[in-house]
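In: What would the 3D arrangement of this be:
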Amino acid sequence: MTAPGSCDGPRHSARNDFSGTSHGPVVQAGTIHGGITFHVEPAAPVGTHVTPDEIPPLTVRLINRTEGLARLDGWLVPEAGDKDGDGEDADEDDRASVGFAALHGPPGVGKTALVSRWSERGRKRFPDGQIYVDFATLRGDSAGADVSEAARCCLRSLGIDDAYIPATFAERIQRLRSRSAGRRLLVFLDNVSQPGQAAALMPKGRGSFLVVAGGSGIGELAADGAKLMAVEPLDRASALEVLADRCGAERTAADPASAEHLVELCDGLPVALHVVAARLAAKARLTLAALAAELADEPRRLAGMSLGKERPVAAAFDLAYRELAPETARLYRLMGWYPGATFDAGVAAVATDLDPGRTVDALEALTRASLLEEMPDGRFRFHDLVRLHAGERATEEEAPDGRTALVRRVTLHYLALTALADRAVRLDRLRIADLAQWLSDVRDPFAAPGAPRPVDWLEAEHRNILGVLRAAAREETLHTEVWQLAEAFTVLFFHHRHLGDWRESLELGAAAAAEAMVPAAEARLRSLLSRPLMDLGEYEAARRELDTAQACAEVADHLVVRASVQEFSGRYWDRTDPARAMAAYRNALDLNTAANEGRGAAIAAYFLGCAQDAAGHPREALHTLRGAHDELVACEDPRMAARAQAAIGIAHDHLEETDEAVRALGEAAEILRAEKATHYEAQALVALADIQERTQGDPRQVRARLERALKIYEAGGSPRAEELRDRLAGGEPAG
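Out: Prediction:
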């Protein structure tokens, strides 16, 4: 928990760094168009019996992949009881219990389509579900995807709530193995560029199957037992069949020579064939001969986007591009520079500085031309190859400073919306950026009827926000906007712990704050950075960040930032040195008190009380925790007040003051339930049940509390669910 702003000060104003300097954007927010996309994807289901069904459906006919489908079938692990060639039971032989295939080939060759078709026709083989992780969306434009984040995605797909997903990569892999044991799953890892740790995501249940798709470098997975399959471009006959299937057999039969010429120019690449066929289908007057002549003459502008040696596909995209109206073509070019993975109409309007209504028309035109894909949530995305083509068109046809101007526009757009989302989650939190006046000119989309929850919007957009942060960090003129966006963005990670993304965003923000010479912001961001680093097990790195944060806070002479750094230091020392942890929490409490930051002081006191109790001083802890509780109530923070109340109950229990412990924990559980803080409610209920069972309380009440806690843990996928089931069945005594 971070040190917040004052509960006694103005309730609707953001704080600055007390230096008299306003750290806000210097442009007007009038460039913010289109609000936000309201069609946020619903939260993934959680619980023990979740059956994921995530592999993308096949939207076109799959042609001439019979051999590949058969090879995948042959690599399936027989179910228990099946007989192998020697007549032995399949579960008694020495073969692998889980199938493992690695598909490699050039972009756009149809690897995803092949696996999609195989998963569709083999649905009964994987009764416990099919998981899909697209590494392209995980890595954005960074060098490699976060495998720890991929593990988080898999656990989420298996019904484990974010609150119960472990912090470290090693623990996530262990949980994945436990969760997948006894299940027959298909896991498909798509667009893998650095396969080193992909095998770690192997499900454990017998008969399960892991498919990894990527470039030629994926062959190294053979060392981990993967069966390799090269997915090749289509041969001439199959490519002709694709062309006829997409634009009409009568049309290709009427001019077979031109059809064969088109197939030759597409070089068997399905994505190129689909673009060419879509163009022919959209324009009945465009002949195969005319299109073949255009393709033959088209310059090869995407030489770096090749399929092996001298097999560019740029001609197909160039032809579709040349048919666009000027305004649509400009939007296409500029969105090739957009640094996010997906975008809505509002983002496109901001990026291109185009009227929102005309932006919608241009997006529809690009979708009709098969140059853009509209997703179910109302956002849009480019195929990777198309995005590269659009970016090259922009580089050749736009002004040299066009990219910087676009990055600035989208950075300000996301800064405004992310800052509004941050404030909607909790207004009285410590913030260094003073954006109140700037945001006063922006319509708050989270206050509108039917608006999504701010955290849901941040979750849906977080890949795009991170992409914008990366791009803005490369611009020398956007240091201020980068650290401000990183500061606001961190609210998401308090709720959904995308550890790699959280770490990267804070590293970018801290570096930008240092470049902008705002020591208070650098101190704040580096102290926040210690949290994901500790969760990732990088304790020495966390210690270095905290040391730098403390030095920056002293330079800034910002009492509340100094308090925040001390609080984070206490969290660090909780692991190894209780005395230093308590000293840090006392410093945080004193500094917040001196700054008249009541809520910050109360939260520091809460952590101090927990540390005192853990160190074996429950009587002292009670005094501290009661003061924290009363102050949190006064600050109108019922969730944190209830957590303090639960800690009070546990301290009473350590003092063998049973009645007081039961009363405090019972009150805390009720409030936490009302606040929908079910994770903490379950903890309080189990603590209550422990006490009552140990003191021979009403067994029906004990059981009711354990059953409620079990329901919470099962819904969230917590590993404690199994423990409680055993306990309720009589398999385990009270703790």
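In: chain center to the helix ranked longest in the chain, what's the gap?
Out: Criterion DSSP state H: the longest helix present in the chain is helix 402-425. Here helix 402-425 shows a centroid-to-chain-centroid distance of 18 Å under the convention CA atoms, centre = their mean, to the nearest Å.
In: Name the residues of it that are buried.
Out: By 16 or more other CB atoms under 10 Å, the buried positions in helix 402-425 come out as 403-404, 406-425. Every C-beta, even on glycine, is put in place using the N, C-alpha and C of the backbone.
In: Likewise for stretch 231-245?
Out: In stretch 231-245, counting by 16+ other CB under 10 Å, buried: 231, 233, 234, 238, 239, 240, 241, 242, 243, 244.
In: Provide a complete list of residue ranges assigned to helices in the stretch 251-400 of the chain.
Out: Here the stretch 251-400 of the chain has its helices, by DSSP state H, counting those that start in this stretch, at 256-266, 270-282, 288-297, 314-322, 326-335, 345-352, 356-368, 384-397.
In: I meant to write the stretch 101-250 of the chain there.
Out: Under DSSP H, counting those that start in this stretch, the stretch 101-250 of the chain gives helices at 111-121, 135-139, 147-157, 169-180, 236-247, 249-254.
In: Run through the neighbouring helices and strands of the third one.
Out: Read that as helix 147-157. The contact analysis (3 or more CB pairs under 8 Å, 6 or more residues apart in numbering; DSSP states H and E) places helix 147-157 against strand 130-134, helix 135-139, helix 169-180, helix 499-516.
In: Same question for the fourth one.
Out: With contacts taken as 3+ CB pairs under 8 Å, 6+ apart, helix 169-180 sits against helix 147-157.
In: same thing but 10 Å
Out: Packing partners of helix 169-180 (3 or more CB pairs under 10 Å, 6 or more residues apart in numbering; DSSP states H and E): helix 147-157, helix 499-516.
In: Residue 497 contacts residue 532, doesn't it?
Out: Yes - between residue 497 and residue 532 there is a contact under CB atoms under 10 Å: 7.6 Å.
In: Those two: which is more packed in?
Out: Under the neighbour definition other CB atoms under 10 Å, residue 497 and residue 532 were set side by side, and residue 532 has more, 24 against 18.
In: what about the nearest residue to residue 495 once chain neighbours are set aside, how many neighbours?
Out: Spatial nearest neighbour of residue 495, excluding adjacent residues (CB to CB, 6 or more residues apart in numbering): residue 455 at 5.0 Å. By other CB under 10 Å, the residues close to residue 455 number 18.
In: Now the longest helix of the chain: average pLDDT?
Out: Taken as a whole, helix 402-425 has an average pLDDT of 96.
In: quick check: angle from that helix to helix 384-397?
Out: Interaxial angle, helix 402-425 versus helix 384-397 (axes from the mean of the first three to the mean of the last three CA atoms, to 10 degrees): 120 degrees.
In: just the helices of the stretch 251-400 of the chain: most buried one?
Out: Across those, averaging neighbours per residue (mean count of other CB atoms under 10 Å) puts helix 345-352 on top, at a mean of 24.
In: related to what we said a few turns ago, out of the helices of the stretch 251-400 of the chain, which comes closest to residue 148?
Out: The closest of the helices of the stretch 251-400 of the chain to residue 148 is helix 384-397. By CB to CB, the value is 23.2 Å.
In: for the closest one, packing partners?
Out: helix 270-282, helix 314-322, helix 326-335, helix 402-425.
In: With distance to residue 294 added, can I get those helices in JSON lines?
Out: JSON lines is the format used below for the helices and strands packed on helix 384-397 (distance: least, CB to CB, whole Å):
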{"stretch": "helix 270-282", "distance to residue 294": "10"}
{"stretch": "helix 314-322", "distance to residue 294": "6"}
{"stretch": "helix 326-335", "distance to residue 294": "16"}
{"stretch": "helix 402-425", "distance to residue 294": "28"}
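In: Ok, which of these comes nearest residue 537?
Out: Using CB to CB, the helices and strands packed on helix 384-397 put helix 402-425 closest to residue 537, at 27.8 Å.
In: between that closest one and helix 326-335, how many degrees?
Out: Using the same axes, to 10 degrees: helix 402-425 against helix 326-335 is 70 degrees.
In: Work out the gap between the helix or strand just after helix 402-425 and the centre of the chain.
Out: Where DSSP states H and E defines the elements, the next helix or strand beyond helix 402-425 is helix 436-439. Centroid separation for helix 436-439 versus its chain: 28 Å, with CA atoms, centre = their mean.
In: on that earlier part again, okay, the helices and strands packed on helix 147-157 in TSV with mean pLDDT and mean neighbour count next?
Out: Formatted as TSV, those follow (pLDDT from 0 to 100; neighbours: other CB atoms under 10 Å):
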stretch	mean pLDDT	mean neighbour count
strand 130-134	93	23
helix 135-139	77	20
helix 169-180	92	19
helix 499-516	95	23
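In: Nearest to residue 47 among those would be which one?
Out: helix 169-180 (11.8 Å).
In: these two touch, right, residue 560 and residue 595?
Out: Yes - Residue 560 is in contact with residue 595 according to CB under 10 Å; the separation is 4.9 Å.
In: More neighbours: which of those two?
Out: Set side by side, residue 560 and residue 595 show more neighbours around residue 560, with 27 against 21, by other CB under 10 Å.
In: Check which helix or strand the more buried one maps to.
Out: helix 559-573.
In: where does this protein dip in pLDDT?
Out: 1-43, 79-95, 139-145, 216, 297-316, 319, 385, 731-735 (pLDDT under 70).
In: What residues of stretch 49-58 count as buried?
Out: 50, 52, 54, 55, 58.
In: export the helices and strands packed on helix 147-157 to a markdown table and tack on distance to residue 76?
Out: Formatted as a markdown table, the helices and strands packed on helix 147-157 follow (distance: least, CB to CB, whole Å):
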| stretch | distance to residue 76 |
| --- | --- |
| strand 130-134 | 14 |
| helix 135-139 | 24 |
| helix 169-180 | 17 |
| helix 499-516 | 33 |
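In: Which among those is found nearest to residue 365?
Out: helix 135-139 (25.1 Å).
In: Which strands and helices lie in contact with the closest one?
Out: Short answer (3+ CB pairs under 10 Å, 6+ apart): helix 135-139 packs on helix 147-157, strand 186-192, strand 209-214, helix 454-473, helix 499-516.
In: Show residues contacting it.
Out: Applying CB atoms under 10 Å, 6 or more residues apart in numbering, the external contacts of helix 135-139 come out as 107, 144-150, 152-153, 189-195, 198, 212-214, 341-342, 381, 384, 463, 498, 500-501.
In: Recalculate using a threshold of 6 Å.
Out: 145, 146, 149, 191, 192, 341, 463 (CB atoms under 6 Å, 6 or more residues apart in numbering).
In: coming back round to it: in CSV: the helices and strands packed on helix 169-180, plus distance to residue 590.
Out: Formatted as CSV, these follow (distance: least, CB to CB, whole Å):
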stretch, distance to residue 590
helix 147-157, 37
helix 499-516, 26
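In: any idea which residue of the protein is furthest from its center?
Out: In terms of distance from the mean C-alpha position of the chain, residue 254 ranks first, at 50.0 Å (CA atoms, centre = their mean).
In: What is the most widely separated pair among the buried residues of stretch 231-245?
Out: 231 and 244 (21.7 Å).
In: thinking again about what came up before, just tell me which of the helices and strands packed on helix 384-397 ends up closest to residue 493.
Out: helix 402-425 (11.4 Å).
In: tell me what the closest one is packed against?
Out: Here helix 402-425 touches helix 345-352, helix 454-473, helix 479-495, going by 3 or more CB pairs under 6 Å, 6 or more residues apart in numbering; DSSP states H and E.
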